[in-house]
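> coordinates only, no sequence provided:
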């Protein structure tokens with residue numbers, strides 16, 4: 001059954017939450033008195049629809065229904081989750097909780113996007129404090145997996161577990177903050193870096209652009225995949241963190257930073273920062289910068305995904321859940337009709353699959369067909385466990401026909417047929433579709449090999465039986481148009 005989330009406050013963060021829930025199949029109800037709310041959230045949703053599917057190697061679920069509500073009471077009736085993202089003013093947040101708890105279900109989870117307030121402060125204004133906890137995300141919410149979850153003793157372990165499970169179900173990484181503290185964990189680091197940056201600009205040591213370059217050309221890349229302590233552990237060499245602390249620990253006594261001192265926030269400092277920032281990136285609109293940011297984030301996280309590391313591990317886990325919920329075939333027992341081609345791939349085209357013409361580049365057609373082959377191998381029993389025993393398939397020949405183009409965000413589906421499977425060979429036929437449109441075909445001849453001798457070898461009895469079963473069922477299908485064509489042969 002479709003679940004429903006209420007978004008209270010539709011700014012950048014609220015809009016990001018709306019997109020995260022909506023594109024993971026939840027219905028979303030939004031309340032924001034701003035007359036421009038629909039336009040602003042619509043632009044955030046456009047960015048999310050453009051970039052978020054690119055994080056997954058399977059298709060996202062069918063998007064939920066979006067509804068803008070005229071009142072707070074209307075927005076929270078019958079919902080499962082309420083995400084409060086109103087301005088960072090404690091009295092405003094407390095007033096919102098008092099109002100919404102008059103109408104929302106008593107078992108609904110109320111999460112706050114607050115970046116600074118402690119949950120006990122928020123609960124002080126609630127009639128049912130046990131419903132309220134901090135769920136602090138990072139911008140853009142529809143791409144960034146981290147969400148800091150901060151409860152108090154008022155929140156039952158059951159509610160906290162439900163909150164974590166819900167956040168995981170929409171592809172996020174809930175980090176349980178064990179003690180209440182102002183600004184939680186991540187924003188305390190950001191505040192420290194921000195204060196030091198303000199001093200560097202104020203003292204004329206560096207410009208805003210030079211500081212950004214120092215981060216994105218250096219430690220920012222390392223932090224993106226390894227964090228702080230693992231980065232320094234590696235920096236300690238073979239002796240690890242102990243050596244690093246012995247070598248650099250004394251520097252903590254040196255006057256390197258002004259971390260305990262805050263520059264006076266004057267109009268002059270504000271103008272200096274704003275002018276340098278405008279000179280740095282004023283030639284780009286905010287929408288342009290958001291799309292550039294999103295494209296870069298997707299590409300970085302996809303690289304981590306290929307290594308199943310850091311945020312990439314979260315994305316792979318979410319993909320597995322999406323694949324299972326979509327009914328994708330993984331084993332022979334999952335096939336409901338052997339006589340039909342098997343759907344081996346269903347996914348969106350990500351940004352890093354595009355070429356200079358703005359459509360999916362030719363090498364990615366091969367990658368998509370290779371993914372389809374891997375899935376077919378898994379189905380018939382040639383999975384990682386089997387490969388570990390010393391048997392696998394090598395591709396001997398491939399022929400791809402490019403029939404139509406496809407673009408960013410388009411959902412592609414690959415249907416796979418087994419044309420022949422006997423002895424040591426497997427002959428596959430893939431067809432790639434976007435809706436009803438045929439985009440490409442891939443014909444592949446594979447040879448089963450022994451990984452010990454690197455020579456052709458017979459299938460295992462189980463793989464042989466599974467392939468024969470599928471091949472015989474597919475033999476009744478019409479011979480595919482284009483099978484056996486050579487390059488340049490007229491259609």
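Thanks, I have the structure now. In this text, all values refer to a predicted model and were calculated from it rather than measured experimentally.
> who does the helix or strand where residue 98 lies touch, helix- and strand-wise?
Assigning secondary structure by DSSP states H and E places residue 98 in helix 90-100. Packing partners of helix 90-100 (3 or more CB pairs under 8 Å, 6 or more residues apart in numbering; DSSP states H and E): strand 4-8, helix 72-76, strand 81-84, strand 109-112, helix 119-123. Bear in mind the C-beta positions are built from the backbone N, C-alpha and C, glycine included.
> try it again with 6 Å
Counting contacts by 3 or more CB pairs under 6 Å, 6 or more residues apart in numbering; DSSP states H and E, helix 90-100 is packed against helix 72-76.
> so what's the residue nearest to the spatial centre of the chain closest to, chain neighbours aside?
Central residue of the chain (CA atoms, centre = their mean): residue 55, 4.6 Å from the mean position. Counting by CB to CB, 6 or more residues apart in numbering, residue 315 is the residue found nearest to residue 55 once chain neighbours are left out, at 5.4 Å.
> quick one: the strands in the stretch 51-200 of the chain?
Assignment of strands within the stretch 51-200 of the chain using DSSP state E, counting those that start in this stretch yields the ranges 66-68, 81-84, 109-112, 132-137, 146-150, 173-176.
> over to the stretch 351-491 of the chain?
391-402, 411-422, 425-434, 437-450, 455-456.
> closest one to residue 143 among those strands?
strand 411-422 (18.5 Å; CB to CB).
> direction included, what does that closest one pair up with?
strand 342-348 (antiparallel), strand 425-434 (antiparallel) (DSSP bridges).
> what are the contacting residues of that strand?
By CB atoms under 6 Å, 6 or more residues apart in numbering, the surrounding residues in contact with strand 411-422 are 59, 341-346, 348, 372, 376, 427, 429-434, 467, 470-471, 474.
> returning to that earlier point: just checking, the residue nearest to the centre of the chain touches residue 316?
No: using CB atoms under 6 Å, residue 55 makes no contact with residue 316, being 10.3 Å away.
> for the residue nearest to the centre of the chain, give its distance to residue 419.
34 Å (CB to CB, to the nearest Å).
> what do you get for residue 197?
61 Å.
> equivalent analysis for residue 329, please.
Going from residue 329 to residue 419 by CB to CB gives 18 Å.
> equivalent analysis for residue 163, please.
Residue 163 is 50 Å from residue 419, by CB to CB.
> do residue 102 as well
For residue 102, the distance to residue 419 - CB to CB - is 65 Å.
> could you do residue 94 as well?
The spacing between residue 94 and residue 419, counted by CB to CB, is 67 Å.
> looking only at neighbour counts, state which of residue 163 and residue 419 leads.
For residue 163 versus residue 419, neighbours defined as other CB atoms under 10 Å are more numerous around residue 163 (22 against 19).
> contacting residues for the more buried one?
By CB under 6 Å, 6+ apart, the neighbours of residue 163 are 109, 149.
> again, only using 8 Å
109, 111, 133, 135, 149, 174 (CB atoms under 8 Å, 6 or more residues apart in numbering).
> touching, the fourth one and residue 83? I think so.
Yes: the pair residue 135 / residue 83 is scored as a contact, 7.0 Å apart, by CB atoms under 8 Å.
> can you work out which residues contact both of those two?
In contact with both residue 135 and residue 83: 111-113, using CB under 8 Å, 6+ apart.
> how far away is the spatially closest residue to residue 61 that is not a sequence neighbour from residue 169?
Of all residues not flanking residue 61 in the chain, residue 25 sits nearest, at 3.6 Å (CB to CB, 6+ apart). Per CB to CB, residue 25 is found 9 Å from residue 169.
> name the residues that touch the worst-scoring helix or strand of the chain on mean pLDDT?
Between all helices and strands in the chain, the lowest mean by mean pLDDT, DSSP states H and E belongs to helix 240-248, at a mean of 77. The contact list for helix 240-248 (CB under 8 Å, 6+ apart) reads 229, 232-233, 235-237.
> as TSV, the strands paired with strand 411-422 with mean pLDDT, distance to residue 78 and mean neighbour count would be great.
Below are those laid out as TSV (pLDDT from 0 to 100; distance: least, CB to CB, whole Å; neighbours: other CB atoms under 10 Å):
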stretch	mean pLDDT	distance to residue 78	mean neighbour count
strand 342-348	95	31	21
strand 425-434	98	36	21
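> for residue 44, find the nearest of those strands.
It is, among the strands paired with strand 411-422 and with distance given as CB to CB, strand 342-348, at 18.3 Å.
> what's next to the closest one, contact-wise?
Counting by CB under 8 Å, 6+ apart, 53-54, 56-60, 326, 328-329, 335, 368, 371-373, 375-376, 379, 409-417, 430, 432, 470 sit against strand 342-348.
> recalculate using a threshold of 7 Å.
53-54, 56-59, 326, 328-329, 335, 368, 371-372, 375-376, 379, 409-416 (CB atoms under 7 Å, 6 or more residues apart in numbering).
> from residue 482, how far out is the most far-flung residue of the chain relative to its centre?
Distance from the C-alpha centroid of the chain peaks at residue 490, with 42.6 Å (CA atoms, centre = their mean). The gap separating residue 490 from residue 482 is 11 Å, by CB to CB.
> likewise for residue 209?
53 Å.
> compare those two (neighbour count), which wins?
Neighbours per residue (other CB under 10 Å) separate residue 209 from residue 482, with residue 482 holding more: 16 against 13.
> how much space separates that one from residue 443?
Where residue 443 is concerned, residue 482 sits at a distance of 8 Å (CB to CB).
> now do residue 246
61 Å.
> let me see the domain layout of the chain.
Here the domain assignment for the chain is 4-176, 186-283, 327-474, based on automatic domain parsing.
> longest helix anywhere in this structure?
For the chain, the helix that runs over the most residues, judged by DSSP state H, is helix 286-306.
> next, the buried residues of it.
290-291, 294-295, 297-298, 300-302, 304-305 (16 or more other CB atoms under 10 Å).
> any weak-confidence spans in the stretch 251-400 of the chain?
251-253, 255-256 (pLDDT under 70).
> mind listing the helices for it?
267-281, 286-306, 311-325, 362-380, 384-388 (DSSP state H, counting those that start in this stretch).
> got CSV for the ones you listed, with distance to residue 156 too?
Below are the helices of the stretch 251-400 of the chain laid out as CSV (distance: least, CB to CB, whole Å):
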stretch, distance to residue 156
helix 267-281, 45
helix 286-306, 33
helix 311-325, 25
helix 362-380, 41
helix 384-388, 40
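> need the winner for burial among these.
helix 362-380 (a mean of 19; mean count of other CB atoms under 10 Å).
> that one packs against which elements?
Using 3 or more CB pairs under 7 Å, 6 or more residues apart in numbering; DSSP states H and E as the contact test, the elements touching helix 362-380 are strand 342-348, strand 391-402, strand 411-422, strand 425-434, strand 437-450, helix 461-474.
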